[in-house]
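Participant: Okay, sequence plus prediction incoming.
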Amino acid sequence: MTLTEKFILITGGTRGIGHAITLSQAGPGVHFFLNYLRDETSAEAVKKEIEKRGSRVTLMPGNVGNPEEISQIFSIIQENAPRLDHLIHSAALGVFKPVHQLRVKDWDISLDVNAKAFLLLAQGALPLMKKNGGKIVTISSLGAKHFTPNYGAIGISKAALENLVRYLAVELAAFNIHVNAVSGGLVETDSLKMFPDFENMKKTYLSRTPFGRTGTPEDIARVVSFLLSRDSNWITGQTLIADGGYSLS
């Protein structure tokens with residue numbers, strides 16, 4: 001194994017935005033560690049898809065909201081790789097309801113998967129990154145800063161996530177590790193279509209977006225690819241907004 005090889009961990013890497021990120025990085029010499037929650041059929045299909053591009057794949061089912069399962073993920077990586085070059089936290093979970101109606105378990109699910117998991121993932125990645133440096137990227141959303149109906153549990157957890165990015169970026173710079181986030185606008189994925197009154201929300205979004213369309217997972221994946229590249233080496237602790245201009249209005 002040489003530095004010409006690349007080792008990448010992606011949570012939620014087999015569906016939606018995570019799938020698009022996986023495809024954007026696939027190619028010869030890349031070994032993926034792909035985490036997914038429970039859709040084994042999709043995971044196996046993605047594995048075959050990127051193996052055709054010359055990559056190696058280790059599938060790792062598990063709930064990253066569970067610290068013990070994160071520990072298991074890194075045990076597998078340590079057995080199969082000499083280091084980790086990139087960590088992308090794309091997995092997300094939450095409920096769609098007003099904040100004043102949230103149950104404690106609704107709150108915990110969002111914070112555990114969206115924010116606490118990122119902390120534990122970064123801590124687990126550090127021993128595998130600290131010698132050669134690396135790039136860490138997570139996926140946020142505009143709900144971290146702007147009120148969105150029925151999005152409070154997720155939006156609040158994403159606000160915590162963005163602050164965590166800033167703290168980690170400063171502390172891990174000593175190890176040549178860059179930490180950033182990408183905040184998308186309305187990106188059409190299967191999970192987003194579960195949002196209450198999705199079609200009306202989409203119409204409102206389109207009316208305020210200069211480019212007049214929703215985002216695609218590939219739009220976000222291209223920004224992530226930039227942050228994983230050498231071209232972004234002077235960027236850390238930032239949340240890059242990729243929303244087609246929606247937040248400008």
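Facilitator: Great, that's in hand. Numbering: from 1, shown residues only.
Participant: Now for the nearest residue to Leu102 once chain neighbours are set aside: which residues touch it?
Facilitator: Using Cβ to Cβ, 6 or more residues apart in numbering and skipping the chain neighbours, the partner closest in space to Leu102 is Ala153 (5.6 Å). C-beta coordinates here come from the backbone N, C-alpha and C atoms, glycine included. Going by Cβ atoms under 8 Å, 6 or more residues apart in numbering, Ala153 touches Gly94, Val95, Lys97, Val99, Leu102, Asp106, Trp107, Ile109, Ser110.
Participant: if you set the cut-off to 7 Å instead, what comes out?
Facilitator: Applying Cβ atoms under 7 Å, 6 or more residues apart in numbering to Ala153 gives the contacts Gly94, Val95, Leu102, Asp106, Trp107, Ser110.
Participant: Next up, the contacts around Ser225.
Facilitator: By Cβ under 7 Å, 6+ apart, the contact list for Ser225 reads Ser24.
Participant: That should have said Asp243, apologies.
Facilitator: Counting by Cβ under 7 Å, 6+ apart, the residues that Asp243 touches are Leu142, Gly184, Gly185, Gly215.
Participant: Thr214 now?
Facilitator: Counting by Cβ under 7 Å, 6+ apart, Thr214 makes contact with Leu186, Val187, Glu188, Lys202, Tyr205, Leu206.
Participant: Let me see the confidence value for it.
Facilitator: Listed pLDDT for Thr214 reads 90.
Participant: quick revisit: filter the contacts of Thr214 down to the ones in strands?
Facilitator: Using DSSP state E, no member of the contacts of Thr214 falls in strands.
Participant: and of those, the nearest to Ala81?
Facilitator: Proximity of the contacts of Thr214 to Ala81 (Cβ to Cβ) peaks at Val187, which lies at 29.9 Å.
Participant: Which residue, other than its chain neighbours, is closest to the closest one?
Facilitator: Gly215 (4.1 Å).
Participant: ok, Leu120 touching Glu69?
Facilitator: No: with contact defined as Cβ atoms under 7 Å, Leu120 does not count as touching Glu69 (9.8 Å).
Participant: list the contacts for the most centrally placed residue in the chain?
Facilitator: Geometric centre of the chain, nearest residue: Ser90, 2.0 Å, by Cα atoms, centre = their mean. Counting by Cβ under 7 Å, 6+ apart, Ser90 touches Ile10, Thr11, Gly12, Gly13, Ile17, Gly18, Ile21, Ile139.
Participant: for the residues you listed, which one is nearest Glu44?
Facilitator: Gly13 (13.0 Å).
Participant: My reading is that the closest one lies in a helix. Confirm?
Facilitator: No: assessed by DSSP: H, G, I helix; E, B strand; the rest coil, Gly13 does not belong to a helix; its assignment is coil.
Participant: Can you dump the C-alpha atoms of stretch 23-37 in PDB for me?
Facilitator: Output in PDB follows, covering the C-alpha atoms of stretch 23-37 (Å, rounded to 0.1, in the frame of the first residue of the first chain):
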ATOM      1  CA  LEU A  23     -19.500   7.900  -7.400                       C
ATOM      2  CA  SER A  24     -17.600  11.200  -7.600                       C
ATOM      3  CA  GLN A  25     -14.600   9.700  -5.900                       C
ATOM      4  CA  ALA A  26     -14.700   6.200  -7.500                       C
ATOM      5  CA  GLY A  27     -11.700   5.000  -9.600                       C
ATOM      6  CA  PRO A  28      -8.700   2.800  -9.600                       C
ATOM      7  CA  GLY A  29      -6.700   2.900  -6.400                       C
ATOM      8  CA  VAL A  30      -9.500   3.900  -4.100                       C
ATOM      9  CA  HIS A  31     -10.700   1.800  -1.200                       C
ATOM     10  CA  PHE A  32     -14.100   2.800   0.100                       C
ATOM     11  CA  PHE A  33     -15.500   2.000   3.500                       C
ATOM     12  CA  LEU A  34     -19.200   2.600   3.000                       C
ATOM     13  CA  ASN A  35     -21.500   2.800   5.900                       C
ATOM     14  CA  TYR A  36     -25.300   2.500   5.500                       C
ATOM     15  CA  LEU A  37     -28.200   2.000   7.800                       C
END
